[in-house]
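K.L.:
sequence first, predicted model second:
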Amino acid sequence: MADTLHLEIVTAAEPAIITEIKQLYLPAYLGKAGVLEDHKPYITLIKPGEISYTDTQDKNHYLYIREGFMEVNENKIVIISDAVERGETLDKEEIETKLAELDKIIKASLKLVEGMTEEEMKKMPDDLARALEGQTEFQAKLKIIQKIEKRQ
């Protein structure tokens, strides 16, 4: 079929996604990357975030991906990642609950607490970093859900 790309997304835990598409956008290491038909050969690292692609029926699909890499060659895209979640499977209430929990952790970490032990103070930057990383992930997933809800 003209104007299409073959997409394969491979993970260790999920069944592969294999489909024909018209275009793809994803969070590449140096910024958002897009792929259309006849793209030059390309390899990139992928940052965690949203992947979107348009299928041959002009329907948009949204995924959340963890780190990985992508190769584009001769109208074939191969993406390999530890995990990919389809937007339709994301649970909005669960994500909003986790975001609220992380928000509390972040706010508490940013306050100076009298009486903190030296051990607690050493642990705080790691806890804050994990909370900020989790917040970024769940905010991206919430945006995916909102895009799916908007198209329905």
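P.N.:
Looks like it came in fine. Fair warning: this is a prediction, and the values are worked out from it, not measured in the lab.

K.L.:
for the protein, just list every one of the helices.
P.N.:
With helices called from DSSP state H, the chain shows them at 92-110, 118-151.

K.L.:
which stretch among these comes nearest residue 40?
P.N.:
Closest to residue 40 of those is helix 118-151 (C-beta to C-beta; 27.7 Å). C-betas here are computed from N, CA, C, even on glycine.

K.L.:
once you drop chain neighbours, what's closest to the residue most central in space within the chain?
P.N.:
Geometric centre of the chain, nearest residue: residue 49, 2.3 Å, by C-alpha atoms, centre = their mean. Excluding the flanking residues, the one nearest residue 49 by C-beta to C-beta, 6 or more residues apart in numbering is residue 27, at 3.5 Å.

K.L.:
now residue 83
P.N.:
residue 66 (4.6 Å).

K.L.:
count of residues packed around that neighbour?
P.N.:
15 (other C-beta atoms under 10 Å).

K.L.:
my guess is it meets residue 84, correct?
P.N.:
Yes: look at residue 66 against residue 84 with C-beta atoms under 8 Å: they come within range, at 7.5 Å.

K.L.:
now for the residue nearest to the centre of the chain: which residues touch it?
P.N.:
26-27, 64-65, 140 (C-beta atoms under 8 Å, 6 or more residues apart in numbering).

K.L.:
return the helix or strand in the chain with minimum mean pLDDT.
P.N.:
Least confident element among the helices and strands of the chain, by mean pLDDT, DSSP states H and E: helix 118-151 (a mean of 84).

K.L.:
roughly how far is whichever strand in the chain runs longest from the heart of the chain?
P.N.:
Ranked by residue count and defined by DSSP state E, the top strand of the chain is strand 17-28. Centre-to-centre, strand 17-28 and its host chain are 13 Å apart (C-alpha atoms, centre = their mean, to the nearest Å).
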